[in-house]
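Visitor: Got a sequence here, can you build the structure:
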Amino acid sequence: MSRPGGSTIQLTVDCRGDSVSRMKRQQTKEQIYTAFAERLNRAMADKGYLERDRARTLKDWTGLDSVEAPRKWLRAMSMPRRANMAAICAQLGVRKNWLEDGEEPIWDSPAEGALEKQLQELETMFREAGPERSAEAVRVIRALMQGDVARK
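Guide: The predicted structure follows:
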């Protein structure tokens, strides 16, 4: 849509039924990259990934040869391509629309988000219990969050 004076405004409308649920003005590339990097860093922190390990983890998830591109994603300098975005979302367990555009909900199902929150609260409680007793509990909780523990 053009305005007098030549500036352009892009409106995105998501219609669900008869109601308009969302309209947003076009953002600058820097704003888009910054918001994406904030969501990516948040999701990785929520999953327990340390900041220093995130670029290497993203490299492994996406099969890239170096950490250069993942560092740019984390520092709001660029965004991943579709295939890489899909791989990252799958590993983090978040919706592509949330990671890419900030569209809620974060998880595919509300129950999944509630479980994630409860596991994070448990992890915090165990950390506060002291290093010796909590270290093993934190490892088990992280494994559960990653789906790495077989249920008995």
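
Visitor: and Lys96, how many residues sit next to it?
Guide: For Lys96, the neighbour count with other C-beta atoms under 10 Å is 14. Heads up, the C-betas are built off the backbone N, CA and C, glycines and all.

Visitor: Give me the neighbour count for the nearest residue to it once chain neighbours are set aside.
Guide: Closest residue to Lys96 apart from its sequence neighbours, by C-beta to C-beta, 6 or more residues apart in numbering: Cys89 at 4.8 Å. With neighbours defined by other C-beta under 10 Å, the count for Cys89 comes to 19.

Visitor: same question, Glu121
Guide: Glu121 has 10 neighbours, counted by other C-beta under 10 Å.

Visitor: what do you get for the one 3 residues further on?
Guide: Thr124 has 13 neighbours, counted by other C-beta under 10 Å.

Visitor: Gln31 and Ala43, how far apart?
Guide: Counting by C-beta to C-beta, to the nearest Å, the separation of Gln31 from Ala43 is 19 Å.

Visitor: what about the two, which has more around it?
Guide: A direct count of neighbours by other C-beta under 10 Å for Gln31 and Ala43 places Ala43 higher, at 19 against 11.

Visitor: Is that one in a helix, a strand, or coil?
Guide: Look at Ala43: counting by DSSP: H, G, I helix; E, B strand; the rest coil, its state is helix.
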